[in-house]
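> What follows is a predicted structure for the sequence shown.
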Amino acid sequence: MYCPAAFRQDDLPTLHQQIRGSGLALLSTAGSQGLQASHLPLLLEAGEGEFGTLYGHFARANGHWRDLAEGAEALVVFSGPDAYVHPGWYLAKAEHGKVVPTWNYIAVHAWGQAEVFDEPERLLQLVSRLSDQHERSQARSWSVSDAPGEYIDAMLRAIVGFALPIRRLEGKWKLGQNRSSADQHGVRAGLAASVNPRDRELAACMNLND
């Protein structure tokens, strides 16, 4: 990922927080089947290895898991909020007009090679933890144990799990840090006033010294 120094995010707890808050990840490989990508919810175990370990599963019918089984390196992308930046939000536009549009965003990239598994016990633990992670916000949470056991057993036979120790981790917080303080405040104000919730979410990530 191209990442100028001004945008680089190296704080591990911040990177982990973004991973957990991203929801759906994009896992891509370039293996024997060519370039492939799958959209997957993942579970992060922060205490495993230097950067943590990612856990997830594929539908068994999705042949992408075979690339991981063959040892292909995976790139996992976690996308945060993003927004178009209108040039009129820059104070510099009124001063000299030398401004152009851009796109600000937050992203985390993780690389590693995965262990693939299909033992029912490990799969049950994985899907239970994934469900619990995403059910916390529900008024009446659902758990795997709510479904009939034979149904869950059949579902487990239809998936393949993986554990991906993160070997390299990069974060990019492109929030206008290369602009003047006045320009950054102008962008934050413009995004905060937008009707688009993702714009407002990105504005909230711009922690500026007022």
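Yes, it's here.

> Need the CA coordinates for the longest helix that the chain contains. CSV is fine.
In the chain, assigned by DSSP state H, the helix with the most residues is helix 120-135. This file holds the C-alpha atoms of helix 120-135, laid out as CSV (Å, rounded to 0.1, in the frame of the first residue of the first chain):
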residue,chain,number,x,y,z
PRO,A,120,-16.0,-29.8,13.6
GLU,A,121,-15.0,-28.8,17.1
ARG,A,122,-12.7,-26.0,15.8
LEU,A,123,-15.3,-24.8,13.3
LEU,A,124,-18.0,-24.8,16.0
GLN,A,125,-15.9,-22.7,18.3
LEU,A,126,-15.1,-20.3,15.4
VAL,A,127,-18.6,-19.7,14.2
SER,A,128,-19.8,-19.4,17.8
ARG,A,129,-17.3,-16.7,18.6
LEU,A,130,-18.0,-14.9,15.3
SER,A,131,-21.7,-14.9,16.0
ASP,A,132,-21.2,-13.7,19.6
GLN,A,133,-19.0,-10.9,18.4
HIS,A,134,-21.7,-9.5,16.0
GLU,A,135,-24.7,-10.3,18.1
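
> Could you check the angle the helix or strand immediately after that helix in the chain makes with helix 120-135?
Counting by DSSP states H and E, the next helix or strand C-terminal to helix 120-135 is helix 149-157. Relative orientation of helix 149-157 versus helix 120-135 (axes from the mean of the first three to the mean of the last three C-alpha atoms, to 10 degrees): 100 degrees.

> List of residues touching the longest helix of the chain?
41, 43, 55-57, 117, 141-145, 152-153, 155-157, 159, 161 (C-beta atoms under 8 Å, 6 or more residues apart in numbering). C-betas here are computed from N, CA, C, even on glycine.

> same check, this time on stretch 2-17
So stretch 2-17 is contacted by 44, 46, 51-52, 108, 169-175, 177-178 (C-beta under 8 Å, 6+ apart).

> which of the residues you listed lies closest to residue 202?
residue 175 (7.5 Å; C-beta to C-beta).

> Can you classify residue 80 by secondary structure?
strand (DSSP: H, G, I helix; E, B strand; the rest coil).

> chain center to the longest helix of the chain: distance?
Here helix 120-135 is found 19 Å from its chain centre; the criterion is C-alpha atoms, centre = their mean, to the nearest Å.
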